[in-house]
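1. Quick one, fold the following:
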Amino acid sequence: MTNSGKKLIRPPFPLFTKFPSRIERAGYKLYNYLDNSLYPVRPFYFGAAVAASTAYFTRFEDSSKLLQLVPKIGESAVSQYVRLCAVSLSTAYLPVFFSRFVLRHFYFKYKKWLYENPKNPSTLTKMIRSLLSLTPPRLKSCDALLPSLPVPALEDTVERFTKLYALFKDNYVTGFWETYAYHYSRSSLLINSSVAHVDLFSDIPATQAVRAAHIVYIEFLSQLSIDRQTYSPLGGGLVCARHYDKMYAVSRVPGKTVDHLDNYGISRHVIVLHDGGIYRIDVVDENDRIYSVDQLSDVFIELLTRPDTKVEGAEGRIPALTHDKRNDWHMNRRRFFESIPKNKKALKEIETAAFVIVLSPVNDWDYDQENPDTLSRFMKSMLTGEGANRWVDKSLNYIIGKNGRCGGTTEHSIADGSEFDHIMENFVWMENDIINYPPLDVQIAREKSFNITEAKERGVKFAERIEIEVSEEMATEISRCFSTHEEAASDVDMASLIYRGWGKGRIKKCGCSPDAFVQMAIQLANYRDQGRFVLTYEPASSRFYANSRTETLRSVTDESCEFVRAMEDGGKTDRCTRASLLRKACELHSTHNRDCMVNKGVDRHLFVLFVMSQATGTSSPFLNHYIQQEWLLSTSHVPNVTNTMKEDNEFSDKSWLGASFGAVAKTGYGICYRFAGNHSICAHISSYHSAKNTDSQRFRANLEKAFEDLSTLFD
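-> Numbers count the residues shown, from 1 in each chain. As a prediction, this is how the structure comes out:
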């Protein structure tokens, strides 16, 4: 159902109406494989070339010199046919091979454009960018063409072992990073690893049922679009898209010492947590037709209006088990689920779901410009949960409050910011421009007059309760997990800042990179807050290489320190000099960011060297010291990756409020920020009440003051 009252806008992905059968899915998976293997030549044209070659060699079999170069393998008709097909295929594939060779070794290795002015690129960059204009890539068309991540030169035993390992991997970092930075951790996922987000400055008014229906419909189509590779790739195919496959129908399975991901491809159903109960909702009917938004609204209205749905006691807090430390959850999963057939079946239904929907009774989630703590509570709730209303292992949990406001929690090992942002920006695009919302009074009237019989006639299947057998021993563990998480959640100190003085447009006019500008503001705020410079982490994308994720961008430099000291010298440094120092620090930060993008960073390589040193029994005091360093400032910029969200002028209230994560160090801060168009900077600051040296509200005030002070340098 599209917005008929608005100008027709192309959706970010096809609005599928049917769920693929196994045969259909196998068919488009085969086509995708061929398309990815032949790109930039499409399978149709390759097939036509094979047919033309076959026809030519059949007609001129006796006179073709090329065919005569291939020795006969027998006198039978079958052997002659095989010989003819082999020559025809080789002839047709030769231009494909040459095109892919040029793309892999020249087009995708060309990175000079990163260091050029994007508004005035060089002639060479313009020529190279035009190469793929005739055959725009699909989601994963270019993945096999991206260069492998090279190993930097360093001659020692561990390095030689690393280079040997890299010969058998397209990326020598990612496997180790996912295993040892994420899956090897035994800490609970919420707060320590998972990331959270909230919705928009001002949502389209909706009831809880209607909002849930929209989220399920949009994200279900997103799942199918990624599986079909009809999702538009970022950067025109220049960046790796391999991790999108882990966004939906994925569950992180706890292990005794290390976790792993179970990927179920695509799923027909979602899991809903409501009033302590766990429910299964099918998103397609028995004929594989995908339910419409109206039909899904019926399903959620029926569930929300069911009498006596409240599940009390331990049985209503079963998801609390997933909040536990990973080794303890591993043991409880084996004891209470895998060893009990009924519970094992229930667990399978939960883990194979596309994602989880949480219907929360909270009615005051919101953004209030006059009261920033309203948003702080909203964001903290998304990050920590309430102790039993997340199935933490699932890749995606979407939470909808009673007032229709929504957010989510994402398991971080599956992917990084670029994938999460892409999903979110497409969701906002669909919400604001594609899918229609009836007026709120119409929604409320429909729910009041809801008739189950009429809803059944509209062909919907209602939510089914998933029963789980809870023993006394299991109840004790549920209670322990719930209490432990409540204590951890209460320790989180969250402060949200929506700075509405100006946005990235003004920063660019000052001659600074917006991201670098905010990083320098964070450095100034932290110096005022802590009285010293600390190790600062910011993730930089390394997606230009196959199967890559991120590299560490270190924000503290001699130049950033010089700028901060100049700001704090009691007026000894004049405004022009301070502005010059700021630009210099920002320029260096931007250069380091580009360096990280083209494999000139150091941290991921040092991380792999440490892992290899442990594996080979090689002692390295330097690597041991490196790995033990604490990132007292952990920061992350949520970029605009699609450039499709309209966020300025009359659309400013449709901006996304951003995301957050827990502080990495117990005595440090976690700061996640994004630019809401040219009108605002959204920053979310986390720390822990138990730390005597941190205070998120204090840091928020320092950061807001830093924004204002930096702005005055260019007045």
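
2. C-alpha only now, for contacts and for neighbours.
-> Noted.

3. roughly how far apart are Pro12 and Ile191?
-> Plainly put, Pro12 is 31 Å away from Ile191 if you go by C-alpha to C-alpha, to the nearest Å.

4. typo on my end, Val608
-> With the distance defined as C-alpha to C-alpha, Val608 ends up 26 Å from Ile191.

5. Which one's more surrounded, these two?
-> Neighbour comparison, Val608 and Ile191: the larger count goes to Ile191, with 25 against 22 (by other C-alpha atoms under 10 Å).

6. does the residue positioned nearest the centre of the chain sit in a helix, a strand or a coil?
-> Centroid-nearest residue in the chain, with C-alpha atoms, centre = their mean: Phe420, separated by 2.3 Å. Here Phe420 is helix, with the state taken from DSSP: H, G, I helix; E, B strand; the rest coil.

7. And the pLDDT for it?
-> With respect to pLDDT, Phe420 scores 95.

8. what's the answer for Ala153, then?
-> pLDDT, Ala153: 70.

9. On the three-state scheme, it is what?
-> Applying three-state DSSP: Ala153 is coil.

10. Tell me, how many residues neighbour it?
-> The burial count for Ala153: 9, using other C-alpha under 10 Å.

11. Distance check, it against Arg700.
-> 42 Å.

12. ditto for Val392
-> Val392 is 29 Å from Arg700, by C-alpha to C-alpha.

13. Can you give me the neighbour number for Asn248?
-> Not quite, residue 248 is Tyr, not Asn. 28.

14. check contacts around it.
-> Gln223, Gly265, Ile266, Ala354, Phe355, Ser395, Leu396 (C-alpha atoms under 8 Å, 6 or more residues apart in numbering).

15. which residues are contacting the helix or strand harbouring Glu473?
-> Assigning secondary structure by DSSP states H and E places Glu473 in helix 472-491. Helix 472-491 is contacted from outside by 191, 314-315, 317-318, 320-321, 323-324, 332, 336, 384-388, 688-690, using C-alpha under 8 Å, 6+ apart.

16. Emit the ChimeraX select command for whichever of those residues are buried.
-> The buried residues among those can be selected in ChimeraX (16 or more other C-alpha atoms under 10 Å) with this line:
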select :191,314,315,317,318,320,321,323,324,332,336,384,385,386,387,388,688,689
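
17. Which members of the contacts of helix 472-491 occur in strands, if any?
-> The members of the contacts of helix 472-491 that map onto strands under DSSP state E are Tyr688.

18. so Thr635 touches Tyr537, yeah?
-> Yes - the pair Thr635 / Tyr537 is scored as a contact, 5.8 Å apart, by C-alpha atoms under 8 Å.

19. where's Gln295 relative to Gln443, distance?
-> 13 Å.

20. which one of those two has more residues nearby?
-> Gln295 (20 against 17).

21. how far away is the more buried one from Gln208?
-> Taken as C-alpha to C-alpha, the span from Gln295 to Gln208 is 15 Å.

22. for Asp715, same thing?
-> 46 Å.

23. more crowded one of those two?
-> Gln208 (23 against 7).

24. nearest residue to the more buried one other than its sequence neighbours?
-> Closest residue to Gln208 apart from its sequence neighbours, by C-alpha to C-alpha, 6 or more residues apart in numbering: Gly404 at 4.6 Å.

25. mind checking the backbone torsions on the one you found?
-> Main-chain torsions, Gly404, degrees, to the nearest 10: phi 90, psi -10.

26. ok, it - how many residues close by?
-> Gly404 is flanked by 24 other residues according to other C-alpha under 10 Å.

27. got a list of contacts for stretch 447-457?
-> Residues outside stretch 447-457 that contact it (C-alpha under 8 Å, 6+ apart): Gln295, Asp298, Ile301, Glu302.

28. And for Val151, nearest residue in space, chain neighbours not counted?
-> Lys163 (6.4 Å).

29. I meant Val518, not that one.
-> Nearest one to Val518, counting by C-alpha to C-alpha, 6+ apart, is Phe707 at 7.8 Å.

30. Which strands or helices does the helix or strand containing that neighbour pack on?
-> For Phe707, the element it lies in under DSSP H and E is helix 696-712. Applying 3 or more C-alpha pairs under 8 Å, 6 or more residues apart in numbering; DSSP states H and E, one finds that helix 696-712 makes contact with strand 492-499, helix 514-530, strand 680-688.

31. the longest helix in the chain is where?
-> Ordering each helix of the chain by length in residues (DSSP state H) puts helix 77-102 first.

32. Show me which positions of the next helix or strand after that one end up buried.
-> Tracing the chain C-terminally past helix 77-102 and defining elements by DSSP H and E, one meets helix 123-129 next. Of the residues in helix 123-129, Thr125, Ile128 count as buried by neighbour count, 16+ other C-alpha under 10 Å.

33. ok, residues contacting helix 123-129?
-> With contacts defined as C-alpha under 8 Å, 6+ apart, helix 123-129 is touched by Tyr107, Lys112, Trp113.

34. Now with 10 Å, please.
-> Leu103, Phe106, Tyr107, Phe108, Tyr110, Lys111, Lys112, Trp113, Leu114, Glu116, Asn120, Gly236 (C-alpha atoms under 10 Å, 6 or more residues apart in numbering).

35. For Phe168, state which of those residues is nearest.
-> Minimum distance to Phe168 across those is 20.5 Å, recorded for Phe108 (C-alpha to C-alpha).

36. Is there a neighbour count for the closest one? I'd like the number.
-> Residues near Phe108, counting by other C-alpha under 10 Å, number 19.

37. ditto for Arg506
-> Residues near Arg506, counting by other C-alpha under 10 Å: 16.

38. Model confidence score at Arg578, please.
-> pLDDT, read off for Arg578, is 96.

39. Kindly report the same for the one 3 residues further on.
-> Taken from the predicted model, the pLDDT recorded for Leu581 is 97.

40. Where does the closest residue to it other than its chain neighbours sit: helix, strand or coil?
-> For Leu581, ignoring the flanking residues on the chain, the nearest one in space by C-alpha to C-alpha, 6+ apart is Phe563 at 5.3 Å. Classification of Phe563 using three-state DSSP returns helix.

41. check contacts around Phe563.
-> Contacts for Phe563 (C-alpha under 10 Å, 6+ apart) come out as 520, 523-524, 557, 573, 577-586.

42. For my notes, confirm Ser251 occurs in a strand.
-> Yes - judged by three-state DSSP, Ser251 forms part of a strand.

43. Could you measure from the nearest residue to it once chain neighbours are set aside over to His412?
-> Of all residues not flanking Ser251 in the chain, Lys394 sits nearest, at 4.6 Å (C-alpha to C-alpha, 6+ apart). Using C-alpha to C-alpha, one gets 10 Å for the distance from Lys394 to His412.

44. swap in Val210?
-> 28 Å.

45. ditto for Leu189
-> Following C-alpha to C-alpha, the distance that separates Leu189 from His412 is 9 Å.

46. tell me, what's touching these two both at once?
-> By C-alpha under 10 Å, 6+ apart, Leu189 and His412 have these common neighbours: Tyr182, Val195.

47. show me where pLDDT drops low in this structure?
-> Filtered on pLDDT under 70, the chain yields the residue ranges 1-8, 62, 74, 154-159, 161.

48. Are there helices or strands packed against the strand or helix carrying Asp262, and which ones?
-> Element membership for Asp262 (DSSP H and E) is strand 260-263. If you count contacts as 3 or more C-alpha pairs under 10 Å, 6 or more residues apart in numbering; DSSP states H and E, strand 260-263 packs onto strand 250-253.

49. what does the strand it packs on contact?
-> By C-alpha under 10 Å, 6+ apart, strand 250-253 touches 183, 259-267, 326, 329-330, 333, 350-355, 391-396, 411, 413-414.
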